[in-house]
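> predicted model, plus sequence, below.
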Amino acid sequence: MNLRPILVAPSILSADFANLARDIKRVEDAGADWIHVDVMDGHFVPNLTIGAPVVKSLRKQTKLVLDCHLMVTDADRYLADFAAAGANNVIVHAEACVHLQRTLSQIRQLGMKAGVALNPATTEECLTYVLDDLDQVLVMSVNPGFGGQKFIPAVIPKIAAIRKMLDQAGRKEVHIGVDGGMDASTAKLVINAGANVIIAGNSIYGSQDQDLSHAVSVLRSGSNEKIVSQARG
Ligand code: DX5
Ligand code: ZN
């Protein structure tokens, strides 16, 4: 059983971009732990979204951790901009980083937490020699680029394998996030496999309820309530 605090990170990709401050307040009020910011360059993924200037504006609206997922070809070019904008976490894609260890070191040198994202078809082996350089692994459970896609169950054994690698390396504190197709039932599956951060766009912002508390809390369903109530950061 996974006894880590379960963190819920709503993805603002599914929010109303014309009302981001309002939509961040809605998930804050609903008990969200982090805000997940999907940055896409139209090159690494076939879609364009937002970048550091928007993070700078969001920083003025919330004290929650801004978890920035860079789906871009050349992340190194933008790291200093994200640090200056007030990003807390920067996640880069293993598939896009030729010098992954250097990129992770630079993220930390800039005062941010470093994460590595793995596409559904990417194996966990590329993490073997950077386990001491990362603070988070983000397992993509859809092919990145769009919200509202279907969860790919083949990633579940990969989550378990990564948790084992981290435990064996003495890096139990490293977060494992799962991103894509998260709802109450898929969240439970990935939490049971060893994940502790649930990233969700559609199942939170697509809720019919004005109050998003229920949409956020059901994502923690596989977790221990008492521990969850202490979860932050
Ligand atoms: C996909 C993004 C995800 C996406 C998740 O490329 O990285 O963060 O917003 O959206 P849902 O929860 O709708 O699958
Ligand atoms: Zn994401």
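That came in fine, so what should we check first? Ligands and ions are numbered 1, 2, ... in the order given.

> when you work out contacts or count neighbours from here on, use the C-alpha atoms and nothing else.
Will do.

> give me the number of residues near A154?
Applying other C-alpha atoms under 10 Å, we find 11 other residues in the vicinity of A154.

> actually L138, not the one I wrote
By other C-alpha under 10 Å, the residues close to L138 number 24.

> show me what it is bridged to.
A117, G177 (DSSP bridges).

> which residues touch it?
I91, G115, V116, A117, L118, I176, G177, V178, D179 (C-alpha atoms under 8 Å, 6 or more residues apart in numbering).

> tell me who's in contact with the fourth one.
Okay, so that is A117. A117 is in contact with I91, V92, H93, A94, V137, L138, V139, M140, counting by C-alpha under 8 Å, 6+ apart.

> which residues sit in contact with the fifth one?
Taking C-alpha under 8 Å, 6+ apart as the definition of contact, the neighbours of V137 are G115, V116, A117, L118, V174, H175, I176, G177.

> let's have those in JSON lines, adding distance to ligand 1 and pLDDT.
Below are those laid out as JSON lines (distance: C-alpha to the nearest ligand atom, whole Å; pLDDT from 0 to 100):
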{"residue": "G115", "distance to ligand 1": "13", "pLDDT": "99"}
{"residue": "V116", "distance to ligand 1": "12", "pLDDT": "99"}
{"residue": "A117", "distance to ligand 1": "9", "pLDDT": "99"}
{"residue": "L118", "distance to ligand 1": "11", "pLDDT": "99"}
{"residue": "V174", "distance to ligand 1": "19", "pLDDT": "98"}
{"residue": "H175", "distance to ligand 1": "16", "pLDDT": "98"}
{"residue": "I176", "distance to ligand 1": "14", "pLDDT": "98"}
{"residue": "G177", "distance to ligand 1": "10", "pLDDT": "99"}
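
> quick check: the farthest pair among those?
Within these, L118 and V174 form the most distant pair, 15.1 Å apart (C-alpha to C-alpha).

> can you list contacts of stretch 118-131?
Under C-alpha under 8 Å, 6+ apart, the answer for stretch 118-131 is 93-95, 101, 137-144, 152, 154-155, 158, 161-162, 165-166, 169, 171.

> which of L118 and V174 has more residues huddled nearby?
Using other C-alpha under 10 Å as the criterion, L118 and V174 rank with L118 on top: 25 against 18.

> residues contacting the helix or strand L66 falls within, please?
Here L66 sits within strand 65-71, counting by DSSP states H and E. For strand 65-71, contacts defined as C-alpha under 8 Å, 6+ apart pick out 33-41, 44-45, 55, 59, 86-93, 144-145, 233.
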